[in-house]
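J.: this one's sequence-less:
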């Protein structure tokens, strides 16, 4: 199962308490204070792991608690620090505090990390409170409580090119044609129920990453269909391919529907570079003229026969270089 959203509770460790102690040795019956400081609590740290590509692990574990620092002891011994707890996530994970729109962290790079809850500082032992006027202090500090909070994790896949279209428009077939990805393909709507990623390789060992998301329908931004919950996965793309089945009678209406839903989800998406791709041209007459849609750049392809595929890949690669 592809999981791209999770809620977790985290709690950093609390600091250990300082110690009240006095030096007591055989020939020093009235030694000074020697209570050590408490150790610091462990932090909660999120780290990007290149081996992960979903938030699947958070389906089973939702609480992450770091170790507390140990209390100080006599002979000025500082308590040990609590161990940090490491939470591993895939690249592209966005972190928000629960109920907040503001992004707390956006982890894109491999091995990047973020402390999301700091451990509490250990308290001072009584040795730290000795003065010239008070050489036997009984004062000490308790450790400070560690941070704790609820967070939301949202995965936005990292891809160069996003495939967008109505259900059964031919997006998955195109992805399978130009990459080694193996998305589910069938002659009925909503075959794609999860995003699919694939690497497109072309000349001179160059490549780009392509993502296919479930089909969009009118009202998707209001929760209809399946595409809306996955639109976040095209937010990071540099380029969009809007796939339209050439056998459909009203391509302009389809394009307007798709652009309207993209705009409602994120207005920046309709400003993204795009090409309108008419798919399934093998199903129409050779004399058929492609419809002109405003000032949109249009190309026709057939994933079944390979017609137009090489031209499309060359066009995308040229645009990505610029």
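T.: Noted; the coordinates are in hand. These numbers were taken from a predicted model, which means no experiment stands behind them.
J.: domains for this protein, by residue range?
T.: For the chain, automatic domain parsing gives the domain ranges 1-155, 161-321.
J.: and residue 311, that's in a helix?
T.: Yes. Secondary structure of residue 311 (DSSP: H, G, I helix; E, B strand; the rest coil): part of a helix.
J.: weakest of the domains of the chain by average pLDDT?
T.: Among the domains of the chain, domain 161-321 carries the lowest mean pLDDT, a mean of 83.
J.: what about that domain, distance to the chain center?
T.: In terms of CA atoms, centre = their mean, to the nearest Å, the gap separating the centre of domain 161-321 from the centre of its chain is 23 Å.
J.: what does stretch 124-139 give?
T.: With CA atoms, centre = their mean, you get 50 Å for stretch 124-139.
J.: for stretch 62-77, same thing?
T.: That offset, for stretch 62-77, works out to 32 Å (CA atoms, centre = their mean).
J.: stretch 305-322 now?
T.: 29 Å.
J.: now do stretch 37-48
T.: Worked out by CA atoms, centre = their mean, stretch 37-48 lies 22 Å from the chain centre.
J.: buried residues, it. List them.
T.: 37-46, 48 (16 or more other CB atoms under 10 Å). All C-beta atoms are positioned from the backbone trio N, CA, C, and that covers glycine.
J.: measure it end to end?
T.: Counting by CA to CA, to the nearest Å, you get 34 Å between the two ends of stretch 37-48.
J.: ditto for stretch 120-137
T.: Stretch 120-137: ends 24 Å apart by CA to CA.
J.: which of the buried residues of stretch 37-48 fall in strands?
T.: 44-46, 48 (DSSP state E).
J.: surely residue 149 touches residue 7?
T.: No. If you go by CB atoms under 8 Å, residue 149 and residue 7 don't touch, sitting 11.3 Å apart.
J.: out of these two, name the residue with the larger neighbour count.
T.: Neighbours were counted for residue 149 and for residue 7 using other CB atoms under 10 Å; residue 149 has more, 15 against 11.
J.: for whichever strand or helix holds residue 9, what is the distance to the chain centroid?
T.: Residue 9 belongs to strand 5-11 when assigned by DSSP states H and E. Relative to the centre of its chain, strand 5-11 is centred 13 Å away, using CA atoms, centre = their mean.
J.: what angle sits between that strand and strand 44-48?
T.: Here strand 5-11 runs at an angle of 150 degrees relative to strand 44-48 (axes from the mean of the first three to the mean of the last three CA atoms, to 10 degrees).
J.: from the contact counts, what lies against strand 5-11?
T.: Strand 5-11 sits against strand 63-65, strand 85-89, strand 113-117, strand 148-155, with contacts defined as 3 or more CB pairs under 8 Å, 6 or more residues apart in numbering; DSSP states H and E.
J.: quick check: can you name the pairing partners of it and their directions?
T.: Strand pairing for strand 5-11, using DSSP bridges, gives strand 63-65 (parallel), strand 148-155 (antiparallel).
J.: and of these, who's closest to residue 56?
T.: Closest to residue 56 of those is strand 148-155 (CB to CB; 10.2 Å).
J.: what comes up buried for that closest one?
T.: Neighbour-count burial for strand 148-155 [16+ other CB under 10 Å]: 151-155.
J.: got it, and stretch 202-216?
T.: Of the residues in stretch 202-216, those with enough neighbours to count as buried (16+ other CB under 10 Å) are 208-216.
J.: tell me the contacts of the nearest residue to residue 160 once chain neighbours are set aside?
T.: Among residues not flanking residue 160 along the chain, residue 208 sits closest, at 4.1 Å (CB to CB, 6 or more residues apart in numbering). Contacts for residue 208 (CB atoms under 8 Å, 6 or more residues apart in numbering) come out as 160-161, 199-200, 316-317, 320.
J.: go on, residue 147?
T.: Residue 147 neighbours (CB under 8 Å, 6+ apart): 11-12, 44, 117-120.
J.: how close does the residue lying closest to it once chain neighbours are set aside sit to residue 97?
T.: For residue 147, ignoring the flanking residues on the chain, the nearest one in space by CB to CB, 6+ apart is residue 117 at 4.0 Å. In this view, residue 117 and residue 97 are 11 Å apart by CB to CB, to the nearest Å.
J.: what is in contact with these two at once?
T.: What both residue 117 and residue 97 touch, as defined by CB under 8 Å, 6+ apart, is the set residue 149.
J.: who has more neighbours out of the two?
T.: residue 117 (25 against 14).
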